[in-house]
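Whatever this is, show me its structure:
(2 chains)
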Amino acid sequence: MVETATPRRSTNRGPGRLLIAVYILFAIAATSRALLQIVTKFGEAPVAYALSAVAALIYIVAAIGLARAGHAGRRLALICCSVELVGVVVVGILSLADKALFPDETVWSQFGSGYGYIPLLLPLLGLFWLWRTRATPR
Amino acid sequence: MTVAAAATGSPVDGLLATASIVLSLLIAVWSLVSAARNRPPDRWQLIGLGMLELALLGLAVLALVAVGGGDQPGEPGAFFGYLVTLVCLPPLAAVLARMEPTRWGSAIVGAVCLVTPVVVVRLQQTWEVLGG
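Numbers count the residues shown, from 1 in each chain, chains lettered A, B, ... in the order given. Below you'll find the predicted structure:
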């Protein structure tokens, strides 16, 4: 409860911890989905399933980046959130424009509608949080 | 086919599953109200998570007994994936909540307890899908 004044707020405290929790949940969801798809039916939709695996990896690395919180952690989280945002928007558009490319669902299909659009919201929140906790020159 | 499936009964579609969903939603509401009131996770949230974990473990035992008795989930891979994930959720919430003794700890418990019912429903769906 005690608010201590630090020059740079850590990304793994307070709201950041909630963000990390949601990233962990998505890491679990995306990883298990990708594993299952790749093990059982990779031939059916290789693009979609490879993408599931990439998304899973990004969620894991983003969670680690936010949790480690240091300079390297922040950079890692920044890269992941950016890739994630580009990914969810591009895949969202592609999955609507060309259904043949993604015959099966991925975490990012239709802007993450299967997951309550949280995949679209999450990178925005991540980037916002990184911006909020940036070093403030005094 | 559907009638036969309903007759044998899904092990994860009974009173215990309903109770877990209701309990989880109750904890979610309680935790989110706590977060809104700027309260850290309290004893009731942790007791609730403990009870939820017991209910989910009970569900897992029912599922394993049914599988041991010769029943098969519709999508075995997904079913067991969801089952393992499910029993890990309350401990995850509890650990993260203990690490964050602020309103955000309550928010974490709330978020995880909103996800849990979804996973229970997905678990039920992956049991019932009987393809051919």
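
hey, let's count contacts and neighbours off CA atoms from now on
Fine.

If we ignore the residues flanking it in sequence, what's nearest B:Leu56?
B:Val87 (5.9 Å; Cα to Cα, 6 or more residues apart in numbering or on different chains).

need the next SSE after the one helix or strand the one you found maps to, C-terminal direction.
Following DSSP states H and E, the helix or strand that holds B:Val87 is helix B:76-99. Heading C-terminal from helix B:76-99, the first helix or strand you meet, by DSSP H and E, is helix B:103-128.

List the buried residues of that next one.
B:103-117, B:119-128 (16 or more other Cα atoms under 10 Å in any protein chain shown).

do stretch A:131-138 as well
Applying 16+ other Cα under 10 Å to stretch A:131-138 flags A:Thr133 as buried.

Dump it to PDB, keeping only the CA atoms.
Taking C-alpha atoms only, stretch A:131-138 is exported to PDB below (Å, rounded to 0.1, in the frame of the first residue of the first chain):
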ATOM      1  CA  TRP A 131       4.800   4.800 -21.700                       C
ATOM      2  CA  ARG A 132       3.300   5.500 -18.300                       C
ATOM      3  CA  THR A 133       6.200   3.900 -16.500                       C
ATOM      4  CA  ARG A 134       8.900   5.500 -18.700                       C
ATOM      5  CA  ALA A 135      11.800   7.400 -17.100                       C
ATOM      6  CA  THR A 136      10.700  11.000 -16.500                       C
ATOM      7  CA  PRO A 137      13.500  13.600 -16.800                       C
ATOM      8  CA  ARG A 138      13.600  15.900 -13.900                       C
END
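
pLDDT (mean, whole number) over it?
The average pLDDT for stretch A:131-138 rounds to 79.

Next, name the residue at the spatial heart of chain A.
A:Tyr59 (4.1 Å; Cα atoms, centre = their mean).

list the contacts for it?
Listed by Cα atoms under 8 Å, 6 or more residues apart in numbering or on different chains, the contact set of A:Tyr59 reads A:Tyr23, A:Ile24, A:Phe26, A:Ala27, A:Cys80.

Repeat the analysis, applying 6 Å as the threshold.
A:Tyr23, A:Ala27 (Cα atoms under 6 Å, 6 or more residues apart in numbering or on different chains).

quick one, phi psi at it?
Main-chain dihedrals, A:Tyr59, degrees, to the nearest 10: phi -60, psi -40.

give me the subset of the buried residues of helix B:103-128 touching chain A.
B:Trp104, B:Ile108 (Cα under 6 Å from any Cα of the partner chain).
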